[in-house]
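Undergrad: below is the structure, and that's it, no one-letter string:
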């Protein structure tokens, strides 16, 4: 099979499927996109052809491309992903953008709860080298991936702790933060979209109380971990903004507001403890 033939196995010209074909072939052949034009007649080896067709079959079965490639771009970083982590989504960058607009101390102390690949924590650490950043996760193999991503990008100011939400912080000598961020599980187990997410870890997707349980836990318990004028910034489902704002306000937070994602959906809600 020639490279030109491999590109046409799946999708129509200029489709997203064709772009995925290119990304796969870049990965398997270790070539860059600009080389494709000049190497259309290149013959794939039997091993390369087998790897390519097997990867396409995994895509057709619903597996995310990032699991096949082993990495996913997020913010300005290329992050390792495994089956122990969610694939970072572009909409989560809205949370990073929102945090960067806040008035916070120059040497902010922050925690990212349920860090996954480390996406939020590492993106903020890359922008704010004087911040003290702690990233937690309940599952040690996931936390290991986040550590590897921190090492890969030289973000040595990021520390890690294993545990469920604030239980991971019990050993800290000064457990007070200027900023708490999280992209927690927020999908209802009965949500129709779950069938499209079957290859990603359910523990990082699903929460009780129609997806609101973990969001409420972070807001309620977070008050005890915030310094005066500290912020909690949370990602949530597009239909959950009103409920999350209401819970923030019920717990005494001020300046509560919701930020929309790149598709115009409610995605991030934040509140400040005065």
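TA: That came in fine, so what should we check first? In this text, all values refer to a predicted model and were calculated from it rather than measured experimentally. Numbering: from 1, shown residues only.
Undergrad: pLDDT weak spots in this protein?
TA: 173-175, 191, 193-200 (pLDDT under 70).
Undergrad: residue ranges for the strands of it, please.
TA: When assigned using DSSP state E, the strands of the chain occupy the ranges 71-74, 77-80, 109-113, 132-137, 158-162, 177-182, 226-235, 254-260, 266-273.
Undergrad: buried set for the last one?
TA: By that I understand strand 266-273. 266-273 (16 or more other C-beta atoms under 10 Å). For the C-beta atoms, the positions are set from N, CA and C on the backbone; glycine is no exception.
Undergrad: and which of those is nearest to residue 171?
TA: Ranked by distance to residue 171 (C-beta to C-beta), the buried residues of strand 266-273 are led by residue 273 at 23.1 Å.
Undergrad: give the closest residue to that closest one in space, chain neighbours not counted.
TA: Take residue 273 and drop its neighbours on the chain: the residue closest to it by C-beta to C-beta, 6 or more residues apart in numbering is residue 226, 4.7 Å away.
Undergrad: and the one you found, how far from residue 66?
TA: The spacing between residue 226 and residue 66, counted by C-beta to C-beta, to the nearest Å, is 33 Å.
Undergrad: what of residue 37?
TA: 26 Å.
Undergrad: so for those two, which sits in the more crowded spot?
TA: Between residue 37 and residue 66, counted using other C-beta atoms under 10 Å, residue 66 has the larger neighbour count: 22 against 7.
Undergrad: what's near enough to touch that one?
TA: Residue 66 is in contact with 72, 81, 87, counting by C-beta atoms under 8 Å, 6 or more residues apart in numbering.
Undergrad: list the contacts of the second one.
TA: When the contact criterion is C-beta under 8 Å, 6+ apart, the partners of residue 81 are 66-67, 70-72, 87-88, 117, 145.
Undergrad: okay if I get those residues as TSV plus distance to residue 240?
TA: What follows is the contacts of residue 81, written out as TSV (distance: C-beta to C-beta, whole Å):
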residue	distance to residue 240
66	25
67	27
70	32
71	30
72	24
87	21
88	20
117	23
145	27
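Undergrad: of the residues you listed, grab the buried ones for PyMOL.
TA: Of the contacts of residue 81, the buried ones can be selected in PyMOL as follows, counting by 16+ other C-beta under 10 Å:
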select buried, resi 66+67+71+72+87+88+117+145
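Undergrad: just name the closest of the contacts of residue 81 to residue 221, please.
TA: Closest to residue 221, out of all of the contacts of residue 81 and judged by C-beta to C-beta, is residue 117, at 23.8 Å.
Undergrad: counting neighbours, what do you get for the closest residue to residue 155 other than its chain neighbours?
TA: The shortest distance from residue 155 to any residue other than its chain neighbours is 4.6 Å, reached at residue 125 (C-beta to C-beta, 6+ apart). Neighbour count for residue 125, taken as other C-beta under 10 Å: 25.
Undergrad: what's the closest of the contacts of residue 66 to residue 2?
TA: Distances from residue 2 to the contacts of residue 66, taken by C-beta to C-beta, are shortest for residue 72, at 29.2 Å.
Undergrad: help me confirm that that closest one comes into contact with residue 86.
TA: No. Counting by C-beta atoms under 8 Å, residue 72 sits too far from residue 86 to count as a contact (9.6 Å).
Undergrad: so what sits against both of the two?
TA: Common neighbours of residue 72 and residue 86 (C-beta under 8 Å, 6+ apart) are residue 117.
Undergrad: rewinding a little: out of the contacts of residue 66, who's nearest residue 207?
TA: Closest to residue 207, out of all of the contacts of residue 66 and judged by C-beta to C-beta, is residue 87, at 18.4 Å.
Undergrad: the closest residue to residue 82 other than its chain neighbours and residue 187, how far apart?
TA: In space, and not counting its chain neighbours, residue 82 is closest to residue 145: 5.6 Å by C-beta to C-beta, 6+ apart. According to C-beta to C-beta, residue 145 and residue 187 sit 21 Å apart.
Undergrad: that concludes my questions; thank you for your assistance.
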